[in-house]
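Engineer: Just to be clear, the model below is a prediction. Sequence and coordinates:
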Amino acid sequence: MKVSGKATVDRTKPPKSGSPGRVSFPKYFEKKYVNGFKIFVVENHQLPIVTVGFVSRGGAAFDGRLPGLGSITCELLTKGTKRRSATRIAEEIDFVGGALSHTASWDASQLFVSVLKTHLAVGFDVLQDVILTPTFPPQEIKRVKAQRVASIQQLKADPGYLADTRFAAVVFGEHPYGQTVAGTEESIAAMRRGDFVLFHKDFFTPDNSFMVFAGDITPKEAERYVSKSFSKWKGKHKPVEIARPDQVSLDGKVHVANKPGAVQSALRVGHLGVARSNPDYLKLFVMNTLLGGYFSSRMNMNLREVHGYTYGSRTSFDARILPGTFEVSADVRNEVTAETIDQILNELRRIRDTNPSKDEMTMVKNYLTGLFPIQLETPQQVAGRVVAIELYGLPKNYYREYREKIRKVTAKDIRSVARKYIQPENIAIVLSGAAGEIAGKLGKFGEVEISSPGDGTHAGQRNANSKPGAEN
Amino acid sequence: MTVMSAGNAKAVTSKEGKVATVRVGFKQLRLENGLTVILRKDASVPVVAVNVCYHVGSKNERKGKTGFAHLFEHLMFEGSEHVKKGEFDRHVSLAGGYNNAYTTEDVTNYYEVLPSNQLGLALWLESDRMLKFGTTEEALNTQREVVKEEKRWRVDNRPYGDTTETLQGMIFPTGQYHWPVIGSMEDLDAAGMDDVRRFYERYYVPDNAVLSISGDIDEGEAERLVRKYFSDIPPGSAPVEAVVFEDEPLTRETTAVLRGDVPAPAVFAAYKAAPEGSEEYYELSHIAKVLSDGNSSRLYKRLVYDLQAVSEFEVSIEGMEKASVFLFSAFIAPGHSEKEVLTVFDEEIEKLKCSAVTSYEFQKARNSTLYSYAGRLSTNSGVADALAHYHTIFKDAGMINSEVERELAVTRESMKKTSARLLEAGKRILIYYFPSDHK
């Protein structure tokens, strides 16, 4: 049955697009108090939800001899204050149907509360309480430590985790970045109450922290909350220097974290990357997107769509306050492990050796500029960008100029940053997989060193971000 | 054309008094070929989400041909009459958007999120692959490998990865929910071009699909574009028959023991219940909250806080079109046993049967429900997906506004009754997962 009377549609080519809507990075409120504490407010009244994010610049990079210290300190804040026990904190937040969460990364320790607007008073009171007056009760320390050890043991069975931790250890050597955000069984056992108290005292100070309100709230309301709490907060941060990671001379070996019986190899190929403040960052970001940062990227097209080796592969620059990593990752079946490494190295050479085509440039730039407003739909997404500006000291107009700057990146820029920041001839090849089945074919890439997950593998945090074109 | 409701989003006051949720206004129409179209305008960001939901999932497959709906989802990106292999993703990227798809037991869902001036492109792309079969043998061969890699990654190479598959097979001992969505390697290997074409011709027709659009659109212009690209697509040669769902009730406790390369023992207990959207489903959703939502939940207090017996645990309810599964999963901490953990769980279930939850706990579950419904509407892609889902499963897109009230109709007494009726040890599936070298 055909529906009659319809004009024929020209389906041979895509329709012309209409005129684009206006895109601008939303305005937000900013205020600095005399004690150094800063607040930001991203106002958006579409939904009756408010998220408050607290950011301390005390990240895992400052864990020192105790990997996991910042992360566990952050968790312990929510386990007891002068006015509230751990149970009471949980009860109050759960009762209003909201969430109190904490997360630690290399660069920051963060606590969030997200609640319906009607419950903001309760949510904010709990948040300020856990940040300003934590008590680190000994019985809670015991619980959290045991819990963390159990989850690290679970993580150690994950092939991606094994590959990531090995990769970080190979790339960073003794530098703190070669450790792990979550900690190790040994470091956790060695932590004492005083370590947490000190970490909180040193890094959770008004001049080393800031706060972002996002959603159904006005600057006036936010200020009212802050004036009763954080504006009177005392404390001074003493800066701690951390050495810049150097490109440790890679040993040219292929590192295999052995997982007998594995049916896939979790591959991580890469080396030292860049700091977030690197002036080439945006060019690098475009280059990385073209290379392996989105579905239509070279790496994914090659490994998935042409060869069917993997469900998906990606490349990323994990840019931190200090230089992080550049890595290519893919999980591939055992039989094609060596072939995949060949293809990865080919793609890394190709992006250095020739300019990308005009077509590739148009596509990647359209993709990134188009995606920008899509990634600003919610006030929480906007708040995430505000955090990036503040944490990494980006120019205030960074996101207002973002699309224009991306449009200006040229094919020559791509090749030049690729040559500068990607070194396929001095690269770490790391994988977790069934050594017995795959090691035989890996010798051509270097001496194969097989380790079993038990023997002192450094642990690190997986930095999987599947969101399209995510950029911090 | 039926207009179900119209107008922009406005805040409404629910029974909770002060707690506001947000009402989504939309317009719905049906083309002559049977395609249901839902349009929702929200001009706050110049973005549009386009969602096409086909009412076909793994429950439309049969034994020996499993994994088809999902394999097909991959093939739909591999070219249609006017969009060559590899071009689909290119067009979307060039337009500054992204796209993806997912397959469940019940539906296959495709979506694009784009700058709002690119609505026409999404409709051109989606209509072309609804219009005519365009898959090649070459694409089939590549995507078969990609899907097998997806299965290795999701299932075979992941600690405890085969639990879901085992559980699904046991809790649905017969019928269309028996096999996993991703299918079996053998069936994927056996999939030929004829199978693929037949599947397409049967299910990928406008009268078996919903198109929902949410974003910064002009409704009149959006409707014109939809009609332009979709109205000449012929309907299926015969109406898609509703699945006659087969299943057997569980009559005893069935236990399975799995072993593998896992770091610690784990235990899973699963109960079967009525489908998504049923009273039972909402009651179990409340019960799951009381047991495991947040650090003040009953099981968190006992298993994590008091006993330190688990490294991680969860109670969840997974709703499907024809049934739902209430699932307890727990990963055992060093020095504790799966028996101890299961005993605690069973004790807590008994308590739910004997006395109603406290009014404090009850209010807590309601507040959590209100919060999560409010948050779901924060993106256009979330709204478009919800509208398409509600129409496909319930033939009522208006549930985007009314479902929260259905869920809030649960009472303390109904939670107690449902616990007593459904959470019976004599009708459940138990799975123990042990490290290979365990005992």
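Structural biologist: Now that the structure is in, tell me what you want to look at.

Engineer: Would you indicate which residues of stretch B:333-351 are buried?
Structural biologist: B:A333, B:H336, B:E338, B:V341, B:L342, B:V344, B:F345, B:E348, B:I349 (16 or more other Cβ atoms under 10 Å in any protein chain shown). The C-beta positions use only the backbone N, C-alpha and C, and glycine is treated the same way.

Engineer: what kind of secondary structure is the fourth one in?
Structural biologist: In other words, B:V341. helix (DSSP: H, G, I helix; E, B strand; the rest coil).

Engineer: B:F434 falls within a strand, correct?
Structural biologist: Yes: counting by three-state DSSP, B:F434 is part of a strand.

Engineer: now it, which residues is it bridged with?
Structural biologist: Taking DSSP bridges as the rule, B:F434 bridges to B:R259.

Engineer: ok, so what distance separates it from A:E360?
Structural biologist: Between B:F434 and A:E360 the distance is 50 Å, computed by Cβ to Cβ, to the nearest Å.

Engineer: Can you pull the phi and psi angles for the residue in the stretch 1-150 of chain A that chain B sits nearest to?
Structural biologist: Nearest to chain B in the stretch 1-150 of chain A, going by Cβ to the nearest Cβ, is A:G21, at a distance of 2.5 Å. With angles defined as degrees, to the nearest 10, A:G21 sits at phi -70, psi 160.

Engineer: Could you check which residue of chain B lies nearest chain A?
Structural biologist: Closest point on chain B to chain A, by Cβ to the nearest Cβ, is B:G96, at 1.2 Å.

Engineer: neighbours of the nearest residue to that residue once chain neighbours are set aside, just the number please.
Structural biologist: Nearest residue to B:G96 in three dimensions, chain neighbours excluded: A:G370, at 1.2 Å (Cβ to Cβ, 6 or more residues apart in numbering or on different chains). Summarising burial for A:G370: neighbours were counted as other Cβ atoms under 10 Å in any protein chain shown, giving 26.

Engineer: Could you check which helix or strand contains A:G370?
Structural biologist: According to DSSP states H and E, A:G370 maps onto helix A:358-374.

Engineer: check contacts around the closest residue to the residue of the stretch 1-150 of chain A closest to chain B other than its chain neighbours.
Structural biologist: Using Cβ to Cβ, 6+ apart and skipping the chain neighbours, the partner closest in space to A:G21 is B:P46 (2.5 Å). B:P46 makes contacts with A:P20, A:G21, A:R22, A:V23, A:P373, B:P115, B:S116, B:N117, B:D216, as judged by Cβ atoms under 8 Å, 6 or more residues apart in numbering or on different chains.

Engineer: Phi and psi next, for B:P46.
Structural biologist: The phi/psi pair for B:P46 (degrees, to the nearest 10) is phi -80, psi 60.

Engineer: Mind checking the pLDDT average for stretch B:256-268?
Structural biologist: Stretch B:256-268 carries an average pLDDT of 95.

Engineer: ok so A:Q110 is a helix residue?
Structural biologist: No: A:Q110: not assigned to a helix; according to three-state DSSP it is strand.

Engineer: is it in a bridge, and if so with what?
Structural biologist: According to DSSP bridges, beta-bridge pairing links A:Q110 with A:V55, A:T103.

Engineer: Give me the pLDDT for it.
Structural biologist: 98.

Engineer: again with B:R62
Structural biologist: So B:R62 comes in at 90 (pLDDT).

Engineer: Now for it, how many residues are close by?
Structural biologist: 10.

Engineer: Torsion angles phi and psi at it?
Structural biologist: Taking degrees, to the nearest 10 as the convention, B:R62 sits at phi -140, psi 170.

Engineer: Likewise for A:L345?
Structural biologist: phi -60, psi -40.

Engineer: what about stretch A:59-71 and chain B, touching?
Structural biologist: No: Stretch A:59-71 stays clear of chain B (Cβ under 8 Å from any Cβ of the partner chain), getting no nearer than 15.6 Å.

Engineer: Tell me if I'm right that the residue of the stretch 1-150 of chain A closest to chain B and B:D216 touch.
Structural biologist: Yes: look at A:G21 against B:D216 with Cβ atoms under 8 Å: they come within range, at 5.9 Å.

Engineer: Now the common contact residues for the two.
Structural biologist: Counting by Cβ under 8 Å, 6+ apart, the residues touching both A:G21 and B:D216 are B:P46, B:S116.

Engineer: Mind checking which of these two has more residues around it?
Structural biologist: B:D216 (19 against 16).

Engineer: Model confidence at that one, what's the number?
Structural biologist: Reported pLDDT for B:D216: 96.

Engineer: how close does the nearest residue to it once chain neighbours are set aside get to A:L376?
Structural biologist: With Cβ to Cβ, 6+ apart as the criterion, B:D216 has its nearest non-adjacent residue at 4.0 Å, and that residue is B:S116. Going from B:S116 to A:L376 by Cβ to Cβ gives 13 Å.
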